[in-house]
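>>> Please work out how this folds:
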Amino acid sequence: PWNEEVAARDYLPVEERRTLQLKRLQDTVRRVYEHVPFYQVALDEGNITPDSITSLDDLHELPFTTRYDLIDNYPLGLLSSPEDQLVRIHASSGTKGKAKIVAYTRKDIDIWAEVVARALASAGLKPGDRLHNAYGYGLFTGGLGLHYGGEYLGATVIPISSGNTQRQITFMRDLQATALSCTPSYALTIAETLGKMGLGPEDLSLKYGIFGAEPWTGEMREQVEQGLGITALDIYGLSEVMGPGVSMECLEGRRKEKDRGLHIFEDHFLPEIVDPESGNPLPDGREGELVFTTITKEGMPLLRYRTGDLCSLIRETCACGRTLVRMSEIKGRVDDMLILRGVNVYPSEIERVLFGIPELAPYYQIIVERVSTLDEAAVHVEVTSQFQDRVGKASIDEDTWIAHTEVDSLRQKVSRALQDVLGLHIDVHVFTSGSLPRSEGKAVRIVDRRK
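Modelled structure (predicted):
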């Protein structure tokens with residue numbers, strides 16, 4: 001249960017935490033060496049034994065683990081506990097082909113609930129708050145992760161899952177939920193539906209939003225905050241490492257520009273930043289690929305798991321007083337980067353441009369196709385209902401809409417804005433209000449037609 005001792009774990013003196021981390025790292029290396037053949041082989045190849053780990057610096061000598069290692073050892077080849085000790089299995093969403101299976105013991109579930117509770121507390125939630133949990137329940141870790149963490153904190157959890165947005169709003173309003181958890185793209189859908197129902201943020205009791213499971217920009221955050229009248233906070237996690245609750249943005253840091261970042265619960269997850277190409281460790285403040293070693297998991301601990309997420313680490317003291325290292329907001333993913341005519345482009349860069357244009361609604365898709373030997377991208381955007389009312393879409397057909405002077409002017413405006421930021425021309429297609437898909441979970445931002 002939530003108590004002062006649990007809350008105090010975020011404020012441990014750094015050296016005291018480092019001593020704890022080393023002991024837990026040593027125990028984890030010994031555990032996987034003795035129980036996971038995959039790691040025994042990898043450690044032997046590197047001439048590493050459990051007794052080799054004498055300091056936290058030795059972490060960099062350990063072998064990497066990748067998503068392909070999980071897939072190659074599907075379903076339970078990386079298990080380090082007897083199967084009869086497992087109490088739950090989750091699987092990652094969005095993986096092509098075989099899923100990445102993750103197994104949990106009872107202790108793993110208890111630790112997961114604890115770190116999510118600490119995450120919610122750093123976001124401002126308190127025992128007695130009502131958490132409207134619109135993450136999907138099932139093999140996806142979002143729903144049950146936030147559910148158990150909310151209960152651990154002492155909040156009242158409304159396990160509504162995703163979908164049926166009008167019903168969501170009715171429950172939020174009638175039950176006076178104080179916090180909302182879901183993907184940021186679904187939060188936008190909720191805000192849009194709220195307006196269509198003739199309601200506004202003042203009709204809800206929401207104060208905080210805990211959003212994650214997909215990358216989102218500051219511009220998207222502003223849209224969510226305005227649409228729902230809340231403070232929107234970023235939660236980070238991934239199924240392979242634990243689920244949501246690996247790190248969390250704090251309320252105090254959110255209010256101070258210089259203290260932005262997400263606190264990593266590093267008494268359970270050891271973070272590193274490495275060069276995506278060479279794998280060499282990078283110093284604090286340098287952007288690179290985020291890597292995690294789990295140091296308390298029993299079911300399926302991982303050594304130096306390469307997340308594919310790009311960010312940096314921040315060790316300066318935060319305004320909230322927590323001594324936990326912070327990670328910057330995720331810039332993008334290593335495998336999401338597009339190379340268009342020799343230029344590296346991240347979807348987040350495109351989103352920042354689009355969300356800064358007032359005539360556009362916060363919905364878009366990036367269509368990627370192979371033209372001859374080069375990759376080309378087009379951006380599909382949607383206008384706001386206010387813009388559409390002004391140009392009188394109801395009285396014209398689609399061909400006339402595309403050729404409309406104001407629509408064409410908007411298309412050119414968006415194209416120029418993208419070219420100014422990215423340094424290359426991208427075709428822009430302008431669609432009417434409500435045309436593009438709405439998300440009830442993770443938004444599909446990139447439509448890859450190259451295959």
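>>> Bridged to residue 101, which residues?
residue 91 (DSSP bridges).
>>> Could you export the helix or strand bottoming out on mean pLDDT in the chain as CSV, CA atoms only?
Every helix and strand in the chain was compared by mean pLDDT, DSSP states H and E; the lowest is helix 398-403, with a mean of 73. The C-alpha atoms that make up helix 398-403 are tabulated as CSV, following Å, rounded to 0.1, in the frame of the first residue of the first chain:
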residue,chain,number,x,y,z
GLU,A,398,-14.8,17.4,-53.7
ASP,A,399,-13.2,18.5,-57.0
THR,A,400,-14.3,22.0,-56.3
TRP,A,401,-13.0,21.8,-52.8
ILE,A,402,-9.5,20.8,-53.9
ALA,A,403,-9.4,23.7,-56.4
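>>> what's next to the longest strand belonging to the chain, contact-wise?
Assignment by DSSP state E gives strand 360-371 as the longest strand of the chain. Outside strand 360-371, the residues that touch it by C-beta atoms under 8 Å, 6 or more residues apart in numbering are 188, 192, 220, 223, 338, 347, 350-351, 354-355, 375-385, 410, 414, 433, 436-438, 444-450. Every C-beta, even on glycine, is put in place using the N, C-alpha and C of the backbone.
>>> Find the nearest non-adjacent residue to residue 85, please.
Leaving aside its sequence neighbours, residue 85 sits nearest to residue 105 (C-beta to C-beta, 6 or more residues apart in numbering; 5.1 Å).
>>> The one you found and residue 191: what is the separation?
39 Å (C-beta to C-beta, to the nearest Å).
>>> who has more neighbours, those two?
residue 191 (22 against 19; other C-beta atoms under 10 Å).
>>> element containing the more buried one?
Assigning secondary structure by DSSP states H and E places residue 191 in helix 184-196.
>>> Who are the packing partners of the next helix or strand after that helix?
Next along the chain after helix 184-196, taking DSSP H and E as the criterion, comes strand 208-211. With contacts defined as 3 or more C-beta pairs under 8 Å, 6 or more residues apart in numbering; DSSP states H and E, strand 208-211 has these neighbours: strand 179-182, helix 184-196, helix 218-228, strand 231-238.
>>> any idea of the angle the helix or strand just after the longest strand of the chain forms with strand 360-371?
Using DSSP H and E, the helix or strand that follows strand 360-371 in sequence is strand 374-383. Inter-element angle recorded for strand 374-383 and strand 360-371: 160 degrees (by axes from the mean of the first three to the mean of the last three C-alpha atoms, to 10 degrees).
>>> Not counting strand 374-383 itself, show me its contacts.
338-341, 345, 350, 354, 359-361, 363-370, 407, 410, 414, 418, 426-436, 450.
>>> Now list the buried members of the residues you listed.
Buried members of the contacts of strand 374-383, scored by 16 or more other C-beta atoms under 10 Å, are 338, 340, 345, 350, 354, 359-361, 363-366, 407, 410, 414, 418, 426, 428, 430-433.
>>> Just the CA coordinates for the helix or strand following the least confident helix or strand of the chain, please, in PDB.
From helix 398-403 onward toward the C-terminus, using DSSP H and E, the following helix or strand is helix 405-422. The C-alpha coordinates for helix 405-422 follow below in PDB (Å, rounded to 0.1, in the frame of the first residue of the first chain):
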ATOM      1  CA  THR A 405      -8.700  29.400 -53.700                       C
ATOM      2  CA  GLU A 406      -8.500  29.400 -49.900                       C
ATOM      3  CA  VAL A 407      -7.900  25.600 -49.800                       C
ATOM      4  CA  ASP A 408      -5.100  25.900 -52.300                       C
ATOM      5  CA  SER A 409      -3.600  28.900 -50.400                       C
ATOM      6  CA  LEU A 410      -3.700  26.800 -47.200                       C
ATOM      7  CA  ARG A 411      -2.000  23.900 -49.000                       C
ATOM      8  CA  GLN A 412       0.800  26.200 -50.200                       C
ATOM      9  CA  LYS A 413       1.100  27.700 -46.700                       C
ATOM     10  CA  VAL A 414       1.600  24.300 -45.100                       C
ATOM     11  CA  SER A 415       4.000  23.200 -47.800                       C
ATOM     12  CA  ARG A 416       6.200  26.300 -47.300                       C
ATOM     13  CA  ALA A 417       6.200  25.800 -43.600                       C
ATOM     14  CA  LEU A 418       7.300  22.200 -43.900                       C
ATOM     15  CA  GLN A 419      10.000  23.200 -46.400                       C
ATOM     16  CA  ASP A 420      11.300  26.000 -44.100                       C
ATOM     17  CA  VAL A 421      11.800  23.500 -41.300                       C
ATOM     18  CA  LEU A 422      12.800  20.300 -43.100                       C
END
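>>> which helices and strands does helix 405-422 pack with?
Counting by 3+ C-beta pairs under 8 Å, 6+ apart, helix 405-422 packs on helix 347-354, strand 374-383, helix 385-391, strand 427-431.
>>> which of the ones you listed sits most buried?
Of all those, helix 347-354 has the most neighbours on average by mean count of other C-beta atoms under 10 Å, namely a mean of 20.
>>> Buried residues in the biggest helix by length in the chain, which are they?
In the chain, with assignment by DSSP state H, the single longest helix is helix 14-35. Neighbour counts over helix 14-35 (16+ other C-beta under 10 Å) mark 17, 20-22, 24-26, 28-29, 31-33, 35 as buried.
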